[in-house]
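**Student:** Need coordinates for the below:
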Amino acid sequence: MRVSPNENGTTGRAHASFAGAAMMDTRSPKITRREFARFLVDSAVVSLAVPLGALTGCASRVLGLPSQLKPLVPSRDDAFVVAPGYTAREFIRWGDRLNAKERFGYNNDFVAFVKINETEAWMWVNHEYVVPGFVSGDWELRRTKAQVDEEMKNVGGSLLRVRRENGRWTWRDPKERHRRLDAFTKIPFAGGVKIQDSAHAVGTLANCAGGVTPWGTFLSCEENTDQFFGDRKRGKRTYLFPKNDMGWSRHYDHPPEHYGWVVEITPEPFAAKKLVSLGRFAHESATVARARDGRCVVYSGDDDNDRCLYKFVSQDKDSLERGTLYVANTERGEWIALNKENPALAHFKDDLEILTYAREAAIAAGGTPLDRPEDVEIHPHTGAVFVSLTNNKPKGRPYGSILKLEAEGGDHASLRFSSQNFLMGGEASGIACPDNLCFDEHGNLWVTTDISGKDIGTPDYAVFGNNGLFVVPTTGSKAGKSVRIAQAPVDAELTGPCFAPDGKSLFVAVQHPGETSTNVQSATSHWPDGGQSLARPAIMEIMWTSL
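**Tutor:** Numbering: from 1, shown residues only. Modelled structure (predicted):
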């Protein structure tokens with residue numbers, strides 16, 4: 001996802017304890033071809049069954065792995081590469097025209113589907129942020145209003161009406177039913193709540209990961225919003241900006257408290273609202289599960305060093321507007337309520353203030369600081385919750401890990417859980433800086449990585465090459481062993497892995513190729529067109545073939 005301020009080294013963060021085992025020695029030989037052949041036999045990555053219902057999420061049928069598949073060898077090539085036995089094609093790219101007025105935005109991230117019928121679906125794609133030099137031509141970060149306006153049109157998200165035609169998915173729609181949200185879209189706060197004396201916010205931005213609800217709406221998470229309109233502490237009027245501030249506030253005075261929420265998008269009729277109930281922080285994901293009594297539970301990480309893991313339990317079965325937000329204490333295995341009924345939060349004015357400054361409330365209530373908690377996904381068989389902890393370099397943990405939580409009694413509404421490390425990043429696992437997660441229906445975990453552009457190729461990360469897509473079994477003799485399936489171009493990361501509704505392909509976003517460039521003439525990436533062309537984020541479709 002977006003490289004957070006702490007990842008850039010541009011802001012200092014308070015030190016805190018790490019929940020879980022100490023970082024293990026991660027150096028070991030790479031997997032051999034013979035070992036990989038055994039992996040194919042031992043693992044459960046074979047044909048799957050298509051799930052029923054309108055909600056497709058990311059779990060779907062796959063056609064299987066070829067018996068002679070060779071894992072990718074890490075490299076620094078400026079190309080999108082897939083392992084033998086797979087093919088890939090570009091699906092849509094930044095700048096493609098969606099309708100008469102709107103284009104596909106920049107830095108595509110989260111991808112999800114809601115099935116309409118056997119051949120059609122709604123597809124949602126987040127657009128997290130921009131590389132100013134590529135989007136508005138501003139390499140000096142001086143920001144005219146016209147340049148900021150162009151950048152603001154390129155964030156938010158795209159709603160695509162997609163269909164399967166002649167055996168392939170296409171977004172081309174003669175009725176032009178595609179829609180956009182951007183930083184100019186007027187979006188109300190759910191339930192008639194007012195934030196900073198306003199019932200709506202202007203725009204959505206920093207849209208990172210997300211989720212899909214059982215009733216067929218999309219959840220889009222606003223993450224590092226301080227880079228756009230700053231932030232401020234509870235009760236203070238002074239604005240705080242990170243060093244990698246986008247400079248938009250020089251031309252627009254928008255309250256920071258209007259951003260950092262989860263946005264719920266209804267495909268038809270097209271509508272959006274900001275869910276105050278899920279709290280305000282750097283939301284990385286909004287993964288939805290059903291509790292045993294039918295209520296909805298939403299898990300979300302807060303992507304920054306020493307931040308917390310949250311879950312929301314709804315009051316109503318098919319609505320996220322009311323309920324209780326909890327923070328995880330992983331040392332005690334306990335979910336702690338963030339509301340005025342908690343004596344530790346008596347110094348907050350009301351529940352709305354607690355939700356608006358959820359980060360402060362989480363620490364005050366006893367939430368455990370973690371190593372950049374990012375995406376959260378739920379095992380389709382066991383219901384176990386898997387959490388990406390991308391890294392914590394200030395604490396000497398540069399490779400991250402994946403944490404596994406199991407709810408007491410198997411009920412997502414339970415306030416007790418156990419936890420353990422499922423995977424430790426490093427050479428032993430082959431994965432560095434795990435970010436997005438996605439399960440197939442056999443319980444194999446698909447993982448994308450987020451080594452920052454400035455770190456790729458440095459001594460600590462050289463062995464990993466560019467960022468990639470991996471598959472990791474969660475059971476059997478090869479549980480926790482990763483295989484590299486795809487690799488990103490220079491400076492890019494792969495985000496939002498999601499199976500197509502028919503299960504015959506996997507979609508993944510290629511985000512911020514060439515991000516470390518300082519000018520067009522010496523750009524670090526020219527993907528996907530090559531030569532001296534402008535690097536463009538795009539959505540790629542990976543398909544299974546036979547050798």
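
**Student:** Ramachandran angles for Pro343?
**Tutor:** The phi/psi pair for Pro343 (degrees, to the nearest 10) reads phi -60, psi -30.

**Student:** what do you get for the one 4 residues further on?
**Tutor:** Summarising the backbone geometry of His347 under the convention degrees, to the nearest 10, its torsions are phi -80, psi -10.

**Student:** List the contacts of it.
**Tutor:** Counting by CB atoms under 8 Å, 6 or more residues apart in numbering, His347 makes contact with Ala364. Bear in mind the C-beta positions are built from the backbone N, C-alpha and C, glycine included.

**Student:** Give me the pLDDT for it.
**Tutor:** In this model, His347 is scored at 98, pLDDT.

**Student:** ok, so what distance separates it from Ser277?
**Tutor:** Distance, His347 to Ser277, by CB to CB, to the nearest Å: 21 Å.

**Student:** same check, this time on Pro214
**Tutor:** 17 Å.

**Student:** Mind checking which of these two has more residues around it?
**Tutor:** Remark: of Pro214 and Ser277, Ser277 carries more neighbours, 23 against 16, as counted by other CB atoms under 10 Å.

**Student:** surely that one meets Tyr326?
**Tutor:** No: the pair formed by Ser277 and Tyr326 falls short of the contact definition of CB atoms under 8 Å, at 11.9 Å.

**Student:** any shared contact partners between these two?
**Tutor:** Phe312.

**Student:** from memory Ile451 sits against Ala432, does it?
**Tutor:** Yes: between Ile451 and Ala432 a contact is recorded at 5.6 Å, counting by CB under 8 Å.

**Student:** What residues does Val262 make contact with?
**Tutor:** By CB under 8 Å, 6+ apart, the contact set of Val262 is 210, 219-222, 274-275, 278, 283, 286, 298, 300, 320.

**Student:** Closest to His258 out of the residues you listed?
**Tutor:** Closest to His258 out of the contacts of Val262 is Lys274 (8.0 Å), distances taken as CB to CB.

**Student:** Per-residue pLDDT of the closest one, please?
**Tutor:** So Lys274 comes in at 98 (pLDDT).

**Student:** Tell me how far Arg143 lies from Arg168.
**Tutor:** For Arg143, the distance to Arg168 - CB to CB - is 41 Å.

**Student:** again, but for Trp124
**Tutor:** For Trp124, the distance to Arg168 equals 20 Å [CB to CB].

**Student:** who's more crowded, the two?
**Tutor:** Legend: neighbour count by other CB under 10 Å for Trp124 and Arg168, higher for Trp124 (26 against 13).

**Student:** same for the helix or strand harbouring that one, what does it pack against?
**Tutor:** When elements are assigned from DSSP states H and E, Trp124 belongs to strand 120-127. Contact here means 3 or more CB pairs under 8 Å, 6 or more residues apart in numbering; DSSP states H and E; on that basis strand 120-127 packs against strand 108-115, strand 156-165, strand 207-212, strand 218-222.

**Student:** between these, which gets nearest to Lys481?
**Tutor:** Minimum separation from Lys481 across the helices and strands packed on strand 120-127 (CB to CB) falls at strand 207-212, 24.9 Å.

**Student:** related to what we said a few turns ago, what about burial for the contacts of Val262, which qualify?
**Tutor:** Among the contacts of Val262, those scoring as buried are 210, 219-222, 274-275, 278, 283, 286, 298, 300, 320 (criterion: 16 or more other CB atoms under 10 Å).

**Student:** ok, the residue positioned nearest the centre of the chain - contacts?
**Tutor:** For the chain, the residue whose C-alpha lies nearest the mean C-alpha position (CA atoms, centre = their mean) is Ala209; its distance is 2.9 Å. Ala209 is in contact with 1, 109-110, 126, 221, 223, 283-286, 374-375, 436, 495-496, counting by CB under 8 Å, 6+ apart.

**Student:** Any stretches of the chain with poor pLDDT?
**Tutor:** Applying pLDDT under 70 to the chain flags residues 1-69, 546-547.

**Student:** let's see it at 50
**Tutor:** 3-56, 59-67, 547 (pLDDT under 50).

**Student:** can you give me the helices for it?
**Tutor:** With DSSP state H as the criterion, the chain has helices at 5-8, 33-42, 132-135, 145-152, 226-229, 351-356, 358-365.

**Student:** Just checking the distance from the fourth one to the centre of its chain.
**Tutor:** By that I understand helix 145-152. Centre-to-centre, helix 145-152 and its host chain are 25 Å apart (CA atoms, centre = their mean, to the nearest Å).

**Student:** Provide the contact partners of it at residue level.
**Tutor:** Against helix 145-152 from outside (CB under 8 Å, 6+ apart): 130, 132, 135-138, 182-184, 203, 205, 246-248, 250-252.

**Student:** From one end of stretch 276-284 to the other, what's the distance?
**Tutor:** 16 Å (CA to CA, to the nearest Å).

**Student:** Ok, stretch 491-511 next?
**Tutor:** 9 Å.

**Student:** do the same with stretch 377-389
**Tutor:** By CA to CA, the extent of stretch 377-389 from end to end equals 12 Å.

**Student:** Next, the buried residues of it.
**Tutor:** Result for stretch 377-389 [16+ other CB under 10 Å]: buried residues Glu377, Ile378, His379, Pro380, Ala384, Val385, Phe386, Val387, Ser388, Leu389.

**Student:** same check, this time on stretch 466-485
**Tutor:** Of all the residues in stretch 466-485, those buried under the rule 16+ other CB under 10 Å are 466-475, 478-485.

**Student:** CA atoms only: put that stretch into CSV for me.
**Tutor:** Extracted C-alpha coordinates of stretch 466-485, given in CSV (Å, rounded to 0.1, in the frame of the first residue of the first chain):
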residue,chain,number,x,y,z
ASN,A,466,11.1,-6.5,-6.8
ASN,A,467,7.8,-6.8,-5.0
GLY,A,468,5.8,-9.9,-5.8
LEU,A,469,2.7,-12.1,-5.4
PHE,A,470,3.1,-15.4,-3.5
VAL,A,471,0.9,-18.4,-2.6
VAL,A,472,1.3,-19.9,0.9
PRO,A,473,-0.5,-23.1,2.1
THR,A,474,-1.9,-22.8,5.6
THR,A,475,-2.1,-26.5,6.3
GLY,A,476,-0.1,-29.6,5.5
SER,A,477,3.6,-30.2,5.5
LYS,A,478,4.3,-27.1,3.5
ALA,A,479,2.2,-24.7,5.6
GLY,A,480,3.9,-21.3,5.7
LYS,A,481,6.1,-22.1,2.7
SER,A,482,5.8,-19.4,0.0
VAL,A,483,6.1,-19.7,-3.8
ARG,A,484,6.6,-16.6,-5.9
ILE,A,485,3.9,-16.5,-8.6
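
**Student:** How far off centre is it?
**Tutor:** Put simply, stretch 466-485 sits 19 Å off its chain's centre (CA atoms, centre = their mean).

**Student:** what do you get for stretch 483-502?
**Tutor:** 12 Å.

**Student:** and if you look at stretch 311-318?
**Tutor:** That offset, for stretch 311-318, works out to 21 Å (CA atoms, centre = their mean).

**Student:** quick one on the thing from earlier: same list (the contacts of Val262) but as JSON lines, adding distance to Trp527.
**Tutor:** Compiled in JSON lines, these are given as follows (distance: CB to CB, whole Å):
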{"residue": "Gly210", "distance to Trp527": "25"}
{"residue": "Leu219", "distance to Trp527": "29"}
{"residue": "Ser220", "distance to Trp527": "25"}
{"residue": "Cys221", "distance to Trp527": "26"}
{"residue": "Glu222", "distance to Trp527": "27"}
{"residue": "Lys274", "distance to Trp527": "34"}
{"residue": "Leu275", "distance to Trp527": "35"}
{"residue": "Leu278", "distance to Trp527": "35"}
{"residue": "His283", "distance to Trp527": "28"}
{"residue": "Ala286", "distance to Trp527": "30"}
{"residue": "Val298", "distance to Trp527": "35"}
{"residue": "Ser300", "distance to Trp527": "31"}
{"residue": "Leu320", "distance to Trp527": "37"}
